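Participant: coords below, sequence missing:
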């Protein structure tokens, strides 16, 4: 009997040691122990946030910095250590914060692999680990947190592929994996996330096509896959089921085929970014119905763009677009601040209509085949310009003298043309903000004015005369 009792007692002790106690058997003391275990893993606390505040000899854990407790249970429900520049790793004991709803470690220097025990945080709805140094494959433990609504892992060093099991997170509203080292294909299972509003997986190494199921998530507001290695074409009916979509960000991939004709059905679009791809054909004229559009980056230049009166930025940079630029198409865009058409095959003159874009801050027409003179309307009406790039064209004539009176200019690049004449001697009287000054490879005469030294902010000068 005694031997039998010994075995029963030994088994009971082993069970307690081997299996963690259920949440109902835990207390605030358990939460405190978990947080102190995290503190022990901190190797640098430059602002001494935890060093001076987290102590088992001080007040209740609920009053510790970054800690929030619930009123009914007096358990830790939120841990916010964001922007503290902490260095360290995550201990497995953090998985014992069973009542945790919010975990925010944004902008620290945590590293290492996330412990499996985080899968025990079944109440977790919000987790942000952005701007840290976490490594390893995409954390599979996160796929078990079925209540998650907000998952942000931006700017880490996670590798591997996005697991299919992420489809378990059916309550997810925000999935942001920007700037990691993820690879492989986008899983079709992402299409099961029926509550997703924000999908951002930019600046990774994803390949293959974009699953058509993603375009059936009717709650989506933002789709962002810029700067990956995605290929294939976009579905022709991509906007049929996206009534709330406000932004499509696909710049910097290897997408091909035609731009879908039903883009106009994404009637709330404010940003459409498709440049630096290999699209073919023409943009559908229906794009003119996207009256909410503010930022447009494409690979073609149709006249219907003139209907987009709310545009703030327009760019078709680094494509193979030819023909002349009809600046009249921008006449109704009274808020246009950025016009970037560089590195194409545009021909013809820069017309005086450019002067109607009085709100322009950035004008970049570099690396085209433009001819003729620089219109005086640039220096007479574009008083807000910060960047003027017209280099590597075939422009001729003299530089309008009043251009040197645009005091807001920071970048001034007219090199690689056929410009003639001399520079004004009072060049830097009003060029106080200029930082980059490029006039090389022209037919300019005279000398560089000695008062160039008055351009106190100047960092780069290329002006062989």
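Facilitator: Received it, and whenever you're ready, just let me know what you need. Owing to the predicted nature of the structure, the values given are computational and were not obtained by experimental measurement.

Participant: poorly predicted segments of this protein, please.
Facilitator: 1-26, 58, 281-283, 299-302, 319-321, 451, 464-465 (pLDDT under 70).

Participant: hey, where'd the helices end up in it?
Facilitator: Counting by DSSP state H, the chain has helices at residues 2-18, 28-41, 377-381.

Participant: can you list the neighbours in contact with stretch 413-427?
Facilitator: 366, 374, 388-399, 401, 404, 436-446, 448-449, 451-452, 454-455, 462-463, 465 (C-beta atoms under 8 Å, 6 or more residues apart in numbering). To be clear about C-beta, it is placed using only N, CA and C from the backbone, and glycine gets the same treatment.

Participant: of these, keep whichever come out buried.
Facilitator: 366, 374, 388-393, 395, 399, 404, 436-442, 444, 449, 452, 455, 463 (16 or more other C-beta atoms under 10 Å).

Participant: which non-adjacent residue is nearest residue 266?
Facilitator: Setting aside the residues directly before and after it, residue 266 is nearest to residue 239 in space (C-beta to C-beta, 6 or more residues apart in numbering), at 4.1 Å.

Participant: if I look at that neighbour, how far off is residue 224?
Facilitator: 16 Å (C-beta to C-beta, to the nearest Å).

Participant: can you get me a residue count around the closest residue to residue 143 other than its chain neighbours?
Facilitator: Leaving aside its chain neighbours, residue 143 sits nearest to residue 165 (3.9 Å; criterion: C-beta to C-beta, 6+ apart). Residues contacting residue 165 under the criterion other C-beta atoms under 10 Å number 14.

Participant: residue 165: what's it in contact with?
Facilitator: Contacts of residue 165 (C-beta under 8 Å, 6+ apart): 140, 143, 189.

Participant: can you do 10 Å?
Facilitator: Listed by C-beta atoms under 10 Å, 6 or more residues apart in numbering, the contact partners of residue 165 are 138, 140, 142, 143, 144, 187, 189.

Participant: wait, the last one touches residue 162, no?
Facilitator: To tie it back to what came earlier, the one meant is residue 189. Yes. Under the criterion of C-beta atoms under 10 Å, residue 189 makes contact with residue 162 at 9.1 Å.

Participant: neighbours around the closest residue to residue 84 other than its chain neighbours, how many?
Facilitator: Nearest non-adjacent residue to residue 84, counting by C-beta to C-beta, 6+ apart: residue 49, 5.1 Å away. Residues near residue 49, counting by other C-beta under 10 Å, number 17.

Participant: list the contacts of residue 49.
Facilitator: Neighbours of residue 49 in contact, by C-beta under 10 Å, 6+ apart: 42, 64, 65, 66, 81, 84, 85, 86.

Participant: if I look at the fifth one, how far off is residue 430?
Facilitator: If I follow you right, that is residue 81. 49 Å.

Participant: repeat for the third one
Facilitator: The gap separating residue 65 from residue 430 is 51 Å, by C-beta to C-beta.

Participant: ok, the two, which is more surrounded?
Facilitator: Each of residue 65 and residue 430 has its neighbours counted (other C-beta under 10 Å); residue 430 has more, 17 against 12.

Participant: ok, that one touching residue 412?
Facilitator: No. Applying C-beta under 10 Å, one finds residue 430 not in contact with residue 412, separated by 12.0 Å.

Participant: so what sits against both of those two?
Facilitator: Joint contacts of residue 430 and residue 412 (C-beta under 10 Å, 6+ apart) are 403, 404, 406.

Participant: export those to JSON lines and tack on distance to residue 316?
Facilitator: Formatted as JSON lines, those follow (distance: C-beta to C-beta, whole Å):
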{"residue": "403", "distance to residue 316": "25"}
{"residue": "404", "distance to residue 316": "29"}
{"residue": "406", "distance to residue 316": "25"}
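
Participant: wait, what's in contact with residue 146?
Facilitator: 122, 124, 168, 169, 170, 171, 172.

Participant: what's the PyMOL syntax to select whichever of those residues are buried?
Facilitator: In PyMOL, a selection of the buried entries from these looks like this (16+ other C-beta under 10 Å):
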select buried, resi 124+168+169+171+172
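
Participant: now, among the contacts of residue 146, which is nearest to residue 154?
Facilitator: Nearest to residue 154 among these: residue 172, at 15.3 Å, using C-beta to C-beta.
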